[in-house]
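1. Please work out how this folds:
(chains A, B, C and D)
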2 protein chains.
Amino acid sequence: MAEFSQDFFKTAVTVDNVIFGFDESDLKVLLIKRGTEPYPGLWALPGDFIYAQENIDAAAARILHELTGLERVYLEQVRTFGAVGRHPLGRVITVAYFSLVKTNRHDVHASSFAQSAEWVNLPELRDVALAFDHDEILEACFNALKQRVRVRPIGFELLPPKFTLTELQHLYEAILEAELDKRNFRKKILSMDFIVDLNESQEGVAHRPARLYEFDKSKYEKFVSEGFNFEL
Amino acid sequence: MAEFSQDFFKTAVTVDNVIFGFDESDLKVLLIKRGTEPYPGLWALPGDFIYAQENIDAAAARILHELTGLERVYLEQVRTFGAVGRHPLGRVITVAYFSLVKTNRHDVHASSFAQSAEWVNLPELRDVALAFDHDEILEACFNALKQRVRVRPIGFELLPPKFTLTELQHLYEAILEAELDKRNFRKKILSMDFIVDLNESQEGVAHRPARLYEFDKSKYEKFVSEGFNFEL
DNA sequence: ATTACTTGGTGTAAAGTATGCACAAAGTCA
DNA sequence: TGACTTTGTGCATACTTTACACCAAGTAAT
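-> All right, here's what the predicted structure looks like:
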């Protein structure tokens, strides 16, 4: 270590995590309301310093775990942001991640870095300024999700284990910000063969009940390992 | 700054740059031969610490400039690598970039971090161990290039200003690691309308000379801004 | 000058994929 | 029993992708 100039150790490295959820036909992001300087009162992405003996992915997973209690969640690194002036208190470089969670099954905890955390509808954030450069990070992560979902069926990470085709379609429409044709969507999804008809029906709805499906992870993994493409 | 724990400033942040070139039907990478510990004698990616007042992209551009003298080169951030043990002398997190340069027009300079630098054929690196986790970084960057080239016509960055369709096809074949059909390739490339027939011919070849083309950047930018897809 | 050699340049038919579109079926509720 | 809501389904057409083979234009050697 002796030969390294100490100057290069004046930079802090953090992780920020864009946690996506889906509920009632809306994409949501888990944000924290900042209590302290800088940017008190603004929404911000949950994030924290990377510990000395911690891998970067592990730091992202820790943030998510502290906030939601969830483990083994879908997590993907997106890009690193390090503009010189992005943090008013010093040089802070941050590695951005997004994660996909099944919202409705778990509530949000307070934690060391989050006095209050809340699910915010993504469309409602269009005109809200976030702390730091978190607008830019959120946008980059949403774009990454949009791209990823065209190529891997990761949408299932956002749905409960049993879902209807209409729910799945609404999810894709929310992510892609586009309307999809019902018949064509179903034809395509079913032909890909990752989802299994459970021969069960929805209950408690005031109309014809929909069939329930589940995601077949093993079929999907076979497909992926053979190299393939998942377009909608 | 006072409220930050000093512990979080014991991490160094670097940039590593996978510089791709193309010559004589082969994809090449610009590597440096390490002279000092750790890993003396091994090939490594050119990289350096990020300076205190330097943006991350600027650091990547600087490394490239010091090594090749080139400016305004295509540069793209790929991913950040920060496994706890990746650097034997301390915690060093590195942001990986790739760049695309027109090899044959510029020679390689020595520089502060590179006693000797050399263009190495990518296929020949298959079984060569690089310093640190640079194998992994190189692989990630090559995969990023592979993906990117399917969606943006960045291949032109690797060719001289005037090129033949056969050269272009060889480039795509090298990047995609696949053979392409000559007629279908030409039909598709020409229908995309980014390349312009210069009505000139190759000279000094011992066979029918090929027509020369150039890339029309303005047409391409129009296309991109309208949102589109470039598949081969 | 003729011939051999090498690479350049071109079109079509068939298969597969994507798109657009409308109506009967299965439930609940009053 | 009828009104209401959402589910579930098929086909015809346009578009895209793939597979495939031969003549043209130059150089080099005799």
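2. got the residue ranges for the strands in chain A?
-> A:12-23, A:26-33, A:43-44, A:47-49, A:74-81, A:92-100, A:116-121, A:195-201, A:211-215 (DSSP state E).
3. Ok, which of those comes nearest B:Phe223?
-> strand A:74-81 (24.1 Å; CB to CB). C-betas here are computed from N, CA, C, even on glycine.
4. now the angle between strand B:92-100 and that closest one, please.
-> Calculated by axes from the mean of the first three to the mean of the last three CA atoms, to 10 degrees, strand A:74-81 forms an angle of 80 degrees with strand B:92-100.
5. Now do strand A:74-81 against strand A:12-23: the angle between them, please.
-> 140 degrees.
6. Give the buried residues for strand A:74-81.
-> A:75-81 (16 or more other CB atoms under 10 Å in any protein chain shown).
7. Mind listing residues that contact it?
-> By CB atoms under 8 Å, 6 or more residues apart in numbering or on different chains, the residues outside strand A:74-81 that reach it are A:17-18, A:56-57, A:60-61, A:64, A:93-101, A:133, A:136-137, A:140-141, A:144, A:148, A:154, A:157, B:56, B:77, B:79-80, B:95.
8. and it, average pLDDT?
-> Throughout strand A:74-81, pLDDT has a mean value of 98.
9. Also stretch A:221-230?
-> Rounded mean pLDDT across stretch A:221-230 is 69.
10. first to last residue in it, what's the distance?
-> Distance across stretch A:221-230, first residue to last, is 13 Å (CA to CA, to the nearest Å).
11. Report the contact partners of A:Leu232.
-> Contacts of A:Leu232 by CB under 8 Å, 6+ apart are A:149-150, A:172, A:176, A:180, A:185, A:188.
12. Then A:Leu158?
-> A:20-22, A:100-103, A:171.
13. CSV please, covering those residues and showing pLDDT, distance to DNA strand C and neighbour count.
-> CSV is the format used below for the contacts of A:Leu158 (pLDDT from 0 to 100; distance: CB to the nearest atom of the strand, whole Å; neighbours: other CB atoms under 10 Å in any protein chain shown):
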residue, pLDDT, distance to DNA strand C, neighbour count
A:Phe20, 98, 25, 23
A:Gly21, 97, 28, 23
A:Phe22, 96, 23, 24
A:Leu100, 97, 24, 23
A:Val101, 96, 29, 22
A:Lys102, 93, 26, 17
A:Thr103, 82, 25, 23
A:Leu171, 97, 18, 20
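14. will you turn those into TSV that also has distance to DNA strand D?
-> As requested, these are exported to TSV (distance: CB to the nearest atom of the strand, whole Å):
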residue	distance to DNA strand D
A:Phe20	22
A:Gly21	20
A:Phe22	16
A:Leu100	22
A:Val101	23
A:Lys102	19
A:Thr103	19
A:Leu171	13
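15. who's in contact with A:Lys182?
-> A:166, A:169.
16. and it, what pLDDT?
-> On the pLDDT scale, A:Lys182 gets 98.
17. could you measure it against A:Ala174, distance?
-> 15 Å (CB to CB, to the nearest Å).
18. now A:Pro88
-> 34 Å.
19. So those two - more neighbours on which side?
-> A:Ala174 (20 against 11; other CB atoms under 10 Å in any protein chain shown).
20. shouldn't the more buried one be in contact with A:Glu24?
-> No: A:Ala174 sits out of contact with A:Glu24 when judged by CB atoms under 8 Å, with a separation of 10.3 Å.
21. hmm, back to that, redo the strands of chain A as TSV? Include distance to B:Val120.
-> Below are these laid out as TSV (distance: least, CB to CB, whole Å):
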stretch	distance to B:Val120
strand A:12-23	31
strand A:26-33	43
strand A:43-44	44
strand A:47-49	37
strand A:74-81	27
strand A:92-100	29
strand A:116-121	49
strand A:195-201	46
strand A:211-215	43
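22. Between those, which one is closest to B:Lys28.
-> The nearest among the strands of chain A, by CB to CB, is strand A:74-81 at 26.3 Å.
23. Name every strand pairing with the closest one and say which way it goes.
-> Using DSSP bridges, strand A:74-81 pairs in its sheet with strand A:92-100 (antiparallel).
24. and the lowest-mean-pLDDT helix or strand in chain A, which residues are buried?
-> When the helices and strands of chain A are scored by mean pLDDT, DSSP states H and E, helix A:217-225 comes last with a mean of 78. Buried residues in helix A:217-225, counted by 16+ other CB under 10 Å: A:220, A:223.
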